[in-house]
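> sequence and predicted structure, then a few things I'm wondering about:
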Amino acid sequence: MRFIDGLVEWCSDLVKIYRTNEVRGLEKVFDLVIFALMIAAISQLLQFFFWGRRDRAPKWFVETYVFVAIVVLICFLFWPNRLSGVSAFVACYLLASTLVVLFNVLFLTKLSFIGPVASNERTLLLFLLNIAQAVLTFAILYRLTLPNLTAWEAIFKSLLVFGTIGYPPVGPTLSSGSKSQPTSSSSPCSCLSLLAGWETNEKRGVVARGAGSTIAELNVKLHG
């Protein structure tokens, strides 16, 4: 019963985290939460089903899982509308499980009963692949939200957002119900503009043009 063995080990480690004196306070609460969430990660479930305990999993398992996840995300990126709901759910689920695993590596490997990572260099390379997963995930969401984007444009926009040097074009304003063309801006508050809605920007433009025309009329009256 490999699954039962893995589940028993997971429960035992959860109890050890609760009872240990190696961490305390808020950090212990956070460690308990992120370790408990591991039960929902697909990598953890695969380990339970195929090998059971953590020490029985082969060394190539993590790398294989990460590469397969990237291939799945690439497929959803180039064909997002075939199964739009499934692609969005899978992409977000893989990203969330990746974050949970990263938190476990960062916070729990210092515990004596968990143990350190096998190699810091290997961990760094896997982290770079996790970054690629995050970029692909947001590229998929951009393509689903903005269907006019191609796959390569979505990747490029996702990289710009990841580097905080840009953002993707926006679709039609929901409140107006009319179709509008995507626009771009070089404002340093671009992210706030996206959150506030593009209708606000349009209203600001109208106010600015009105203020400009009023100033022009005053100049004519003063110098005319």
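Okay, I see it. Numbering: from 1, shown residues only.
> hmm, A41 and S97 touching each other?
Yes - under the contact definition of Cβ atoms under 8 Å, S97 touches A41, with a separation of 4.1 Å. (C-beta placed from N, C-alpha, C; glycine too.)
> any stretches of the protein with poor pLDDT?
165-224 (pLDDT under 70).
> quick one, domains of it?
2-168, 169-224 (automatic domain parsing).
> possible to save the ones you listed as CSV with mean neighbour count?
Compiled in CSV, the domains of the chain are given as follows (neighbours: other Cβ atoms under 10 Å):
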stretch, mean neighbour count
domain 2-168, 16
domain 169-224, 11
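> ok, and what's touching stretch 24-35?
Residues from elsewhere that reach stretch 24-35, judged by Cβ atoms under 8 Å, 6 or more residues apart in numbering: 13-14, 17-18, 20, 23, 100, 103-104, 107-108, 111.
> strands - which of the residues you listed land there?
Among these, the subset assigned to strands under DSSP state E is empty.
> among those residues, which one lies nearest to I155?
Proximity of the contacts of stretch 24-35 to I155 was ranked by Cβ to Cβ; the top entry is V100 with 24.6 Å.
> distance check, the nearest residue to the closest one once chain neighbours are set aside against R2.
Nearest residue to V100, sequence neighbours excluded (Cβ to Cβ, 6 or more residues apart in numbering): L37, at 4.8 Å. Per Cβ to Cβ, to the nearest Å, L37 is found 22 Å from R2.
> coming back round to it: what's the separation between the residue nearest to V100 and T150?
35 Å.
> ranges for the helices of the protein?
2-19, 25-37, 42-50, 61-78, 84-108, 120-145, 151-162, 190-196, 198-223 (DSSP state H).
> the third one vs helix 25-37, what angle?
By that I understand helix 42-50. 50 degrees (axes from the mean of the first three to the mean of the last three Cα atoms, to 10 degrees).
> need the contact partners of helix 42-50.
Contacts for helix 42-50 (Cβ under 8 Å, 6+ apart): 2-3, 6-7, 10, 38-39, 54, 57, 61-62, 65, 93-94, 97, 101.
> quick one: that helix to chain centroid distance?
Helix 42-50 sits 22 Å away from the centroid of its parent chain (Cα atoms, centre = their mean, to the nearest Å).
> just the CA coordinates of that helix, formatted as PDB?
Taking C-alpha atoms only, helix 42-50 is exported to PDB below (Å, rounded to 0.1, in the frame of the first residue of the first chain):
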ATOM      1  CA  ILE A  42      -0.100  16.900  -8.000                       C
ATOM      2  CA  SER A  43       3.600  16.200  -7.400                       C
ATOM      3  CA  GLN A  44       2.900  15.000  -3.900                       C
ATOM      4  CA  LEU A  45       0.000  12.900  -5.000                       C
ATOM      5  CA  LEU A  46       2.100  11.300  -7.800                       C
ATOM      6  CA  GLN A  47       4.700  10.400  -5.200                       C
ATOM      7  CA  PHE A  48       2.100   8.800  -3.000                       C
ATOM      8  CA  PHE A  49       0.600   6.700  -5.800                       C
ATOM      9  CA  PHE A  50       3.900   5.500  -7.400                       C
END
